[in-house]
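# With the sequence up front, the predicted model follows.
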Amino acid sequence: MLRTAQRLLVLAGRIARERWGTLSLLFVVMAVGCALILPHDRTWSGLVSGCDEPWHKIATLFSRWGDYWTGTLIITGVLWLAGKALRRPFLRVAALACLLGASVAGLEVDIVRFATGRPRPGVGLPDGLYGPHFHRDFLSFPSAHTTTAFGTAGVLAVALPPVGVPLLAGAAGVGWSRICQKSHFPSDVWVGAWVGSLNGVVLGFAARRYRREEEAKTDNTPAAKPNSRELS
């Protein structure tokens, strides 16, 4: 398992270097989109969080099951067990890629959140960057829930589309729920979705390349030599 994880990370690094131009362009799109959303954060956040009570209950469910511990880990665990039960090694590889995609993306945004110290919408403080902070009230930018949800779904959207595409819709619901609950601004969710998706897609392609390389090894394995009795 550890060797597979190391190999997936190496493959992901290669893919990132091969596609650095595309990834850089997408990063610029993320940054420009964030800059355009920022001036409207308060207004849009108020519109979403001002919805009726039934929607807040739905948002609570999305947030609860879209977390890393209750979302990513459960999805990866189910995939892993399915791969063992069905004897499909690629399902286990995809599960490991999901775990890596969400974990790496989550670590990236946590570093940014701790460094920037943006207060959450529900705290009541003037918006801004208050510097390094470790209190949860100042961990608004970007949204970690959204990041790990899209990191998980992004992997499967590439590696196992029938599973990943519905999960992308679920990840979007997680992002909406974080705004609805006044835990994040729209720009927090926007950046989190992009960071998670970019990491997830790269790990998803790494999983696919891993499978191709394994299949190539199997195809190139020389056939067993027939023994003398079979030739007689």
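Sure thing, it's come through. Residues are numbered from 1 along each chain as shown.

# tally of neighbours for the residue nearest to residue 172 when sequence neighbours are not counted?
Spatially, and ignoring its direct neighbours in sequence, residue 172 is nearest to residue 193 (7.7 Å; C-beta to C-beta, 6 or more residues apart in numbering). C-beta: built from backbone N, CA, C; applies to glycine. Neighbour count for residue 193, taken as other C-beta atoms under 10 Å: 26.

# what mean pLDDT does the host helix or strand of residue 193 have?
Assigned by DSSP states H and E, residue 193 belongs to helix 186-219. For helix 186-219, the mean pLDDT works out to 95.

# Ok, stretch 155-167 next?
Here the average pLDDT along stretch 155-167 is 95.

# Take stretch 135-145, keep the C-alpha atoms, and write them as CSV.
Below are the C-alpha coordinates for stretch 135-145, written out as CSV (Å, rounded to 0.1, in the frame of the first residue of the first chain):
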residue,chain,number,x,y,z
HIS,A,135,-8.6,29.5,16.0
ARG,A,136,-11.4,28.0,13.9
ASP,A,137,-13.2,31.4,13.7
PHE,A,138,-10.3,32.7,11.5
LEU,A,139,-10.0,29.7,9.2
SER,A,140,-12.4,30.9,6.4
PHE,A,141,-10.1,31.1,3.3
PRO,A,142,-10.3,28.6,1.6
SER,A,143,-13.0,26.1,2.6
ALA,A,144,-11.5,22.9,3.7
HIS,A,145,-14.8,20.9,3.4
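
# what about the residue nearest in space to the middle of the chain, distance to residue 25?
The chain has residue 151 as the residue nearest its centroid, 0.6 Å off, counting by C-alpha atoms, centre = their mean. Distance of residue 151 to residue 25, given as C-beta to C-beta, to the nearest Å: 20 Å.

# try residue 11
Distance from residue 11 to residue 25, by C-beta to C-beta: 22 Å.

# Flag the shaky bits of the protein, pLDDT-wise.
221-232 (pLDDT under 70).

# what about the helices in it?
Secondary structure of the chain (DSSP state H): helices located at 2-18, 20-37, 41-49, 53-65, 73-86, 89-116, 144-159, 161-180, 186-219, 228-231.

# now what about the fourth one, what contacts it?
Taking contacts as C-beta atoms under 8 Å, 6 or more residues apart in numbering, the residues outside helix 53-65 that touch it are 70-71, 145, 170, 173-174, 176-178, 180-181, 183.

# Next, give phi and psi for residue 67.
Backbone geometry at residue 67, expressed as degrees, to the nearest 10, gives phi -70, psi 160.

# what about dumping the CA coordinates of stretch 168-188 to CSV?
The C-alpha trace of stretch 168-188 is given here as CSV (Å, rounded to 0.1, in the frame of the first residue of the first chain):
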residue,chain,number,x,y,z
LEU,A,168,-19.0,16.1,-8.1
ALA,A,169,-22.6,17.2,-7.7
GLY,A,170,-22.4,16.2,-4.1
ALA,A,171,-19.2,18.2,-3.7
ALA,A,172,-21.0,21.3,-5.1
GLY,A,173,-23.6,20.7,-2.5
VAL,A,174,-21.0,20.7,0.2
GLY,A,175,-19.7,24.1,-1.1
TRP,A,176,-23.2,25.5,-1.0
SER,A,177,-23.8,24.2,2.5
ARG,A,178,-20.7,26.0,3.8
ILE,A,179,-22.1,29.3,2.6
CYS,A,180,-25.6,28.5,3.8
GLN,A,181,-24.2,27.9,7.3
LYS,A,182,-22.2,31.1,7.3
SER,A,183,-19.0,29.1,7.7
HIS,A,184,-17.5,30.4,4.5
PHE,A,185,-17.8,33.2,1.9
PRO,A,186,-18.4,32.3,-1.8
SER,A,187,-14.7,33.1,-2.7
ASP,A,188,-13.6,30.6,0.0
